[in-house]
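Q: give me coordinates for this.
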Amino acid sequence: MVAGNIPGVTQTLPIALYFDVEAGNYPRAWVWTSIAFVTSGLIIAITNYLSERKSII
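A: Numbers count the residues shown, from 1 in each chain. Below you'll find the model as predicted:
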């Protein structure tokens, strides 16, 4: 993973989440956590759907 922390330019989601937790900004940290959770769930669901579809053909 490549990570950087130039605010507003290269900040990645894990770093944004880390700094929000460290700063005590828990509501925004929960937003980042929710975004990561939903995104990863969608990627897993799409991958499963495509792999099942490919095995049928």
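Q: wait, Ala36 sits on Thr12?
A: No. Using Cβ atoms under 8 Å, Ala36 is not in contact with Thr12; the gap is 10.7 Å. Where you see a C-beta, it was placed from the backbone N, CA and C, and this is true even at glycine.
Q: pLDDT on the longest helix along the chain, on average?
A: When the chain is parsed with DSSP state H, its longest helix is helix 26-56. Looking at helix 26-56 alone, the average pLDDT works out to 92.
Q: buried ones in it?
A: Neighbour-count burial for helix 26-56, counted by 16 or more other Cβ atoms under 10 Å, picks out 29, 32.
Q: how far does that helix sit from the chain's center?
A: With Cα atoms, centre = their mean, to the nearest Å as the basis, helix 26-56 stands 9 Å off its chain's centre.
Q: and it, what does it pack onto?
A: The criterion is 3 or more Cβ pairs under 8 Å, 6 or more residues apart in numbering; DSSP states H and E, and the helices and strands that helix 26-56 contacts are helix 13-22.
Q: what distance do you get for the residue sitting nearest the centre point of the chain to Ile43?
A: The centroid of the chain falls nearest to Ala36 when counting by Cα atoms, centre = their mean (2.7 Å). Counting by Cβ to Cβ, to the nearest Å, the separation of Ala36 from Ile43 is 11 Å.
Q: quick one: contacts for Phe19?
A: Asn5 (Cβ atoms under 8 Å, 6 or more residues apart in numbering).
Q: any idea how far it lies from Ala29?
A: Per Cβ to Cβ, Phe19 is found 9 Å from Ala29.
Q: then Tyr49?
A: From Tyr49 across to Ala29, the span is 31 Å (Cβ to Cβ).
Q: and if you look at Leu42?
A: Distance, Leu42 to Ala29, by Cβ to Cβ: 21 Å.
Q: got it, and Asn48?
A: Distance, Asn48 to Ala29, by Cβ to Cβ: 29 Å.
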